[in-house]
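J.: what follows is a predicted protein model with its sequence.
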2 protein chains.
Amino acid sequence: MIFRKSLLASSLMAVCLSAAAQWETLPDAAPSPENNPMSEAKVELGKALFMDPRFSKDGNISCNSCHNIMAGGDDNRPNSIGFHDQRGGRGAPTVWNAAFQSVQFWDGRAATLEDQAKGPVANPIEMGMESVDAAMLRVKAIPGYAQLFKLAFPDDKEAMMVDNAAKAVGAFERTLITPNSPYDKYVKGDKAALTEQQVKGMNTFSELGCTACHSGVNFSGPKMEIGQGFFMKFPTFPDTEYDKKYQFSKDLGRYEVSKNDADKNMFRVPTLRNIALTAPYFHNGAVATLQEAIKVMAKTQLNKDLTDEQVADLEAFLNALTGEFPTITMPRLPATPGFSVIGIEGAGK
Amino acid sequence: MIFRKSLLASSLMAVCLSAAAQWETLPDAAPSPENNPMSEAKVELGKALFMDPRFSKDGNISCNSCHNIMAGGDDNRPNSIGFHDQRGGRGAPTVWNAAFQSVQFWDGRAATLEDQAKGPVANPIEMGMESVDAAMLRVKAIPGYAQLFKLAFPDDKEAMMVDNAAKAVGAFERTLITPNSPYDKYVKGDKAALTEQQVKGMNTFSELGCTACHSGVNFSGPKMEIGQGFFMKFPTFPDTEYDKKYQFSKDLGRYEVSKNDADKNMFRVPTLRNIALTAPYFHNGAVATLQEAIKVMAKTQLNKDLTDEQVADLEAFLNALTGEFPTITMPRLPATPGFSVIGIEGAGK
């Protein structure tokens, strides 16, 4: 165990030194996979699908219900509310800048935004559809979507299929980027963009070793190939008072999907961009405030107790990671003249 | 009973003749009450409040959840889903053009949009807050709202109060107007705006007597003073197969609030604008399709059995009442840096 910790410490140190060498800014655009190049038509379709609650069993939950793009891209709840008021064990991660993550979900079980988009639709405690195909039946029953799919996928003979729906949602999500945070402006040379305290917090952030994990353009780790996740054990130091209080260790993280012992309590390193907007914190949403989350991280990941000043400085710095949100027009959800698609499966239609 | 029916028939006839004399178009703007004049700042605030789910107990239901302005202003469900998956007995009426109704709710229990806006927030089976004051505590806990209230109500020393929130929502709702439907264009002189079948349906609509109730700019009755409702008994002819099948009479309508026998089964006459978008139909949402709704109305209100041709013509005409929806930008919901307001009452904050 001592050996393991030393090993971990020295590997953290190595990452830390290389990461601290460079503060990276958020690009204005996210890269698209080769099989899903960007187009305006795709983004429009993806936006409508993202905002449309009719693809949940009861017709009341859209992607946006838990990943609210009018807010921080989440729902400000410990965990989200799904079909028939059910709750899962984890909080909804923000969809803002998710395009810069190399894997999706807390446990990284989806490689791409496209794969991720298919998950919640057919999850019995989220949107509750029997299957993504059942959801697609609803899409097909809505006349106006045919044209939107055709425009988005002009080369496909049968454009209305699950994979294309997922591609459209992925394309839309790649537009959800929040550049020009005070931090980004500062790094680009505008030294007035950060307050003195924020600069102090930025230095503290680096000195303490936070950058060991929270590096890169999205503060979620170094650039990696899509599908290759940057995971970290949480908590790294498991026997803290914080873990007793907030029960972080109960969720085995990536192990739940891989059943590989080495993955126990491993989680994808989450972004810190817009972190001030996405309380409550951690995979189980157990921590109410950013201040407390900072203390928890220092203790559980770095075995450090922070002074009140350090906490305040770090919080000031994290507030500087809130970016500029683009103006988005509401989609007009295609109509079904004279009937509703909600419950059409039950009606045998 | 025969006497009563004759009396009703002749009074219907009188209204019918006067209403049929004029087809009215939808104005581009709705009148505002004297104590709540329009302003851009009010509309912006109202839009944010309308779209913000944080004023429901669990933080997952906004006004827009049941009155979806990206769609027909309702939720395409028989009845809406509220706090802890609860359902009420009535469907959500559309918010589009609600500004042209002289009373609000199916039973007309609110005189104004402002009064209506306060209802669902503290309804235990809708948004589930303990009170509108509890909801206002959350608004006050969100720093960004202070500025929005100040801009919207610059003359008020303490702008953040329930009545102002309701005024802002009312002001926003007065912008939710869908002019220039094919019907409106036709009435204004563009004779090509309607198909031949739609014109035939329009004539059938008038000849059958539908205009007895569905008259005026909003097809919901003649112009009346705000607070004075245009109510009609539904079903007027109670002993139909339709009533047995769909159980319309079980809901006593306005009587439930007035306890006045004369109000039994009386409902506010709903708008027919955008009716094609708001299936399923009637106060209890029991009728799945517009075609069936047309047959039901003819039988239960006029004691008439329609031919298939009449039904098809009427449906074509009703489709011509779908208007142009304005483009609306999504609001940025004001943030709470570092914490969430959901559940703050429980935390004693």
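T.: Now that the structure is in, tell me what you want to look at.
J.: now the helices for the stretch 201-349 of chain A?
T.: Secondary structure of the stretch 201-349 of chain A (DSSP state H, counting those that start in this stretch): helices at A:241-246, A:255-258, A:290-302, A:308-319.
J.: include mean pLDDT when you put the ones you listed into a markdown table, please.
T.: Listed next are these as a markdown table, based on pLDDT from 0 to 100:
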| stretch | mean pLDDT |
| --- | --- |
| helix A:241-246 | 98 |
| helix A:255-258 | 96 |
| helix A:290-302 | 98 |
| helix A:308-319 | 98 |
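J.: who wins for proximity to chain B among the ones you listed?
T.: helix A:290-302 (3.5 Å; C-beta to the nearest C-beta). All C-beta spots, glycine's among them, are computed from the backbone N, C-alpha and C.
J.: residues contacting the closest residue to residue A:290 other than its chain neighbours?
T.: Distances taken as C-beta to C-beta, 6 or more residues apart in numbering or on different chains put residue B:338 closest to residue A:290, at 3.5 Å, once the chain neighbours are dropped. Contact partners of residue B:338, counting by C-beta atoms under 8 Å, 6 or more residues apart in numbering or on different chains, are A:276, A:279, A:289-291, A:315, A:319.
J.: top of the residues you listed by neighbour count?
T.: In terms of neighbour count, residue A:279 stands highest of the contacts of residue B:338 at 27 neighbours, by other C-beta atoms under 10 Å in any protein chain shown.
J.: what segments of chain A are strands?
T.: Remark: strands assigned in chain A by DSSP state E are A:231-233, A:266-268.
J.: correct me, but residue A:275 touches residue A:290?
T.: Yes: between residue A:275 and residue A:290 there is a contact under C-beta atoms under 8 Å: 6.7 Å.
J.: shared neighbours of those two, anything?
T.: A:281, A:318.
J.: who in the stretch 51-200 of chain A is up against chain B?
T.: A:51-54, A:58-60, A:65, A:68-72, A:75-77, A:80-81, A:84-85 (C-beta under 8 Å from any C-beta of the partner chain).
J.: let's have the contacts of residue B:338 in TSV, adding distance to residue A:203.
T.: Below are those laid out as TSV (distance: C-beta to C-beta, whole Å):
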residue	distance to residue A:203
A:276	19
A:279	25
A:289	23
A:290	19
A:291	19
A:315	14
A:319	16
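J.: among these, which one sits closest to residue B:244?
T.: Checking the contacts of residue B:338 against residue B:244 by C-beta to C-beta gives residue A:279 as the nearest, at 52.9 Å.
J.: not counting its neighbours along the chain, what's nearest that closest one?
T.: residue B:340 is the one closest to residue A:279 (C-beta to C-beta, 6+ apart), at 4.3 Å.
J.: quick one, what contacts that neighbour?
T.: Per C-beta under 8 Å, 6+ apart, neighbours of residue B:340: A:76-77, A:279-280, A:288, B:59.
J.: need those in JSON lines (columns: pLDDT and distance to residue A:211).
T.: Below are the contacts of residue B:340 laid out as JSON lines (pLDDT from 0 to 100; distance: C-beta to C-beta, whole Å):
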{"residue": "A:76", "pLDDT": "97", "distance to residue A:211": "27"}
{"residue": "A:77", "pLDDT": "97", "distance to residue A:211": "29"}
{"residue": "A:279", "pLDDT": "98", "distance to residue A:211": "22"}
{"residue": "A:280", "pLDDT": "98", "distance to residue A:211": "24"}
{"residue": "A:288", "pLDDT": "97", "distance to residue A:211": "25"}
{"residue": "B:59", "pLDDT": "97", "distance to residue A:211": "33"}
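J.: distance to residue A:155 for those residues - can I get that in CSV?
T.: Output for the contacts of residue B:340, formatted as CSV (distance: C-beta to C-beta, whole Å):
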residue, distance to residue A:155
A:76, 41
A:77, 41
A:279, 44
A:280, 45
A:288, 50
B:59, 42
